[in-house]
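how would this look folded up:
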Amino acid sequence: MTYFIFRNSTIEPLFTDFNAIFSGYGDVTIGMSDVDYFIWFYLLDLKSDIDSLVDEIDDYYHKIELLLTKIPDSKPLIIFTIEKFNRSRLVNNDFILDEAIYNFNKKIFSLDVKYPNVKIIEISEFISKFRQNELIDWKFYYTSDIILNPKLKLYFNDWFTKKINAINFIRKKCIVLDLDNTLWGGILGEDNVEGILLGNTYPGSAYSDFQKLLLEIQKKGVILTVCSKNNKVDVDEAWEKNPFMILKKEHFSAFRINWKDKVSNILEIADELNIGLDSMVFLDDDPSERELVSKSIPEVIVPELPKQPYLLTDFLLNLYEQYFQVYQLTEEDKNKTQHYLAQKKGKEYKSTFKSYDDYLRNLEIHTQIQNASKFNIPRIAQLTQKTNQFNLTTKRYSEKNISDFVINNHFVACMTIKDKFGDYGITACAVVLINNDEAEIDTFLLSCRILGKGYENVFISGLLNELIDKGIKKVKAEFRQSNKNMQTENFYDNFGFKLDSINNGIKNYHFIFGEKIIIKDLYNLEII
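Just a heads-up that it's a prediction; the model follows:
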């Protein structure tokens, strides 16, 4: 990724590991137009003249307003907030500078709502990690006009990378939780339901707060699952009868409560949810269990839990920042647990039918193919970043990339699915490049949550029918092999595409149109 950074001081040392181009000091002339991101990164000067600093802050916002008229809507503009780095108040009740900073930040926060391409990063989150004498090196300030200490480069690099990942929806998906001395204090089999540590007094209060934070994390689109050596009937009783239990059974998407080894259980959870092992984080208080999982399944993140319960909440906040933070939530994120529970009910429902088509018809399925718009582009970008298994090319795209495709008159579409058990939201997307009367399927993917009901055939059929309506005569497509998408290797072959060549794991195809493709009415497909 490439960045063009507007700055008012020397910040190059902080970005040496990024492909960045810098403006002149205070210059708002648009530089490289083909960069992936524009960044506004102004740092408040360390001088003590409060009036001039207030004037500068006012000028900052006017420059940002000017930039917004120049930068295309499809180009992301990341704006850093401003904060004080040093002691600047000589009179205790002189809050003029603080008020100017507050008003500036408030105005740029509103830009995030008004402009879809604007993203805000709070620099206060970074500087709060350091003391003032660590943030500022006066030698660098006076000799090189460097405000933020270049010795913090590695910390800044790591922090900024996480912020970019959050903007691009790159995050882990699932937390696998042990129960005894992890989700609650004590051992359920020995202490019984009323004896486990939860509640308003320490150490139970620490476990209760840990559960409260986990619940908030679950609401932010992270899947919670259980992997515990316990008797299931005892755990069910604890969930039902302990009055201090925050997390209930319905907050978890999968359970392995038995006496099997945890490696096998985690593999089963991944298979049940159809997610990659590298999207999972395993939390267990037992060092031997952690070591076994870490060595047996190295793709799974296995952090060391703190020994003291009072450190659990801070540990979990750091864990979330490291692996799970996201810039904005989609509707699919908010309803993710419900989606997995609905999927589980659907599997149970399937066993009551002898005919597969009867099963699908009784699901009362409704599918809808939508063109890309400002309302669904964030989710489309998210799917390209996260989907690995049913992904024919595994190309990763940002919101800006998707917007560029649309602006250049290519065909970008997504599919929503719902049935009698729930609304799964946007779970498939495609990018089709248009060139006169020919097209090329650049991206075709489906979320792993909806596989197994033929939705991939519905989606490709709907897309091809739409291309016929657009006057397309021939479609090219390719399969690019990855470590995780082998289940899709023969998708185009099975659908009727003709294989042209195979080279270094890339299979090239073409499809020549005849009549429109008939789609079974049991899918109730609507194209809008």
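
Low-confidence ranges, the stretch 401-528 of the chain, go.
Nowhere does the stretch 401-528 of the chain drop to pLDDT under 70.

Pick out the residue nearest the middle of this protein.
Among the residues of the chain, the one closest to the centroid is Phe169, at 2.8 Å (Cα atoms, centre = their mean).

Now do the helices in the stretch 301-450 of the chain.
Taking DSSP state H, counting those that start in this stretch, the helices of the stretch 301-450 of the chain run over residues 312-323, 331-334, 336-350, 356-362, 377-386, 399-407.

which other residues reach stretch 288-303?
Stretch 288-303 has contacts (Cβ atoms under 8 Å, 6 or more residues apart in numbering) with 172, 176, 178, 261-263, 266-267, 276-278, 280-284, 304, 315, 319, 323. Using the backbone N, CA and C atoms, a C-beta is placed for each residue, glycine as well.

Filter these down to just the ones in helices.
262-263, 266-267, 315, 319, 323 (DSSP state H).

Go through the residues you listed and say which is closest to Leu467.
For the ones in helices among the contacts of stretch 288-303, the minimum distance to Leu467 (Cβ to Cβ) is 39.2 Å, reached by Tyr323.

Now do that closest one against Ile147, distance only.
For Tyr323, the distance to Ile147 equals 30 Å [Cβ to Cβ, to the nearest Å].

and what of Asn181?
46 Å.

Compare these two (neighbour count), which wins?
The neighbour comparison of Asn181 against Ile147 (other Cβ atoms under 10 Å) goes to Ile147, with 22 against 18.

Find the nearest non-adjacent residue to the more buried one, please.
Closest residue to Ile147 apart from its sequence neighbours, by Cβ to Cβ, 6 or more residues apart in numbering: Leu43 at 4.3 Å.

doesn't Thr81 make contact with that neighbour?
No. Leu43 lies out of contact with Thr81 (Cβ atoms under 8 Å); the separation is 10.7 Å.

what touches both of the two?
Contacts common to Leu43 and Thr81, judged by Cβ under 8 Å, 6+ apart, are Ile123.

Show me the chain divided up by domain.
2-167, 174-323, 353-527 (automatic domain parsing).

Quick check: pLDDT value at the residue nearest to Cys174 when sequence neighbours are not counted.
Spatial nearest neighbour of Cys174, chain neighbours left out: Ile223 (4.1 Å); criterion: Cβ to Cβ, 6+ apart. Ile223 carries a pLDDT value of 95.

Could you measure from Ile223 over to Tyr207?
Separation of Ile223 from Tyr207 (Cβ to Cβ): 21 Å.

Also Leu499?
Leu499 sits 57 Å away from Tyr207, going by Cβ to Cβ.

Which of these two has more residues huddled nearby?
With neighbours defined as other Cβ under 10 Å, Leu499 and Tyr207 compare such that Tyr207 has more, 25 against 13.

Which helix or strand contains that one?
Secondary structure assigned from DSSP states H and E places Tyr207 in helix 204-219.

Against which helices or strands is the helix or strand that comes right after that helix packed?
Going down the chain from helix 204-219, the next helix or strand is strand 223-229, by DSSP H and E. Using 3 or more Cβ pairs under 8 Å, 6 or more residues apart in numbering; DSSP states H and E, the elements in contact with strand 223-229 are strand 174-177, helix 204-219, strand 254-258, helix 262-273, helix 336-350.

how about those, which one is nearest Phe160?
helix 204-219 (22.5 Å).

Now do the closest one: everything it contacts.
Contacts for helix 204-219 (Cβ under 8 Å, 6+ apart): 175, 177, 183-185, 197-200, 224, 244-247, 251, 309-310, 312-313, 316-317, 320, 324, 334, 337.

Buried ones from the residues you listed, can you make that a ChimeraX selection?
Buried subset of the contacts of helix 204-219, written as a ChimeraX selection, criterion 16 or more other Cβ atoms under 10 Å:
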select :175,177,183,184,185,197,198,199,224,244,245,246,247,251,309,312,313,316,320,324,337
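
hmm, back to that, could you say which of the helices of the stretch 301-450 of the chain is packed most deeply?
Comparing the helices of the stretch 301-450 of the chain by mean neighbour count (mean count of other Cβ atoms under 10 Å), helix 377-386 ranks first with a mean of 23.

I'd like to check the angle between the helix or strand bottoming out on mean pLDDT in the chain and helix 204-219, please.
Ranked by mean pLDDT, DSSP states H and E, the helix or strand of the chain with the weakest confidence is helix 336-350, at a mean of 74. Inter-element angle recorded for helix 336-350 and helix 204-219: 70 degrees (by axes from the mean of the first three to the mean of the last three Cα atoms, to 10 degrees).

now helix 336-350 against strand 223-229, angle please.
Interaxial angle, helix 336-350 versus strand 223-229 (the same axes, to 10 degrees): 70 degrees.

what separates helix 336-350 from the chain centre, distance-wise?
Mean-position distance between helix 336-350 and its chain equals 22 Å (Cα atoms, centre = their mean, to the nearest Å).

which helices and strands does it pack with?
Here helix 336-350 touches strand 223-229, helix 356-362, strand 422-435, going by 3+ Cβ pairs under 8 Å, 6+ apart.

Would you state the helices of the stretch 1-150 of the chain in chain order?
50-70, 96-114, 123-127, 132-135, 138-144.

Using a markdown table, please lay out these together with mean neighbour count, mean pLDDT and distance to Asn524.
Shown next, in a markdown table, are those (neighbours: other Cβ atoms under 10 Å; pLDDT from 0 to 100; distance: least, Cβ to Cβ, whole Å):
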| stretch | mean neighbour count | mean pLDDT | distance to Asn524 |
| --- | --- | --- | --- |
| helix 50-70 | 15 | 93 | 42 |
| helix 96-114 | 15 | 95 | 35 |
| helix 123-127 | 17 | 95 | 46 |
| helix 132-135 | 13 | 92 | 59 |
| helix 138-144 | 13 | 94 | 64 |
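
which one of those lies closest to Thr394?
Using Cβ to Cβ, the helices of the stretch 1-150 of the chain put helix 96-114 closest to Thr394, at 29.9 Å.

re the thing from before, quick one: closest of the helices of the stretch 1-150 of the chain to Ile434.
Once these are compared by Cβ to Cβ, helix 50-70 is nearest, at 28.3 Å.

Next one: the nearest residue to Met415 once chain neighbours are set aside from Phe95, what distance?
Leaving aside its chain neighbours, Met415 sits nearest to Ala428 (4.1 Å; criterion: Cβ to Cβ, 6+ apart). Noted for Ala428: a distance of 53 Å to Phe95, by Cβ to Cβ.

ok, the two, which is more surrounded?
Ala428 (28 against 12).

what about Ile502, neighbour count?
The burial count for Ile502: 11, using other Cβ under 10 Å.

and it, what does it touch?
Ile502 makes contacts with Asn508, as judged by Cβ under 8 Å, 6+ apart.

Any figure for the gap between it and Gly26?
Distance from Ile502 to Gly26, by Cβ to Cβ: 55 Å.
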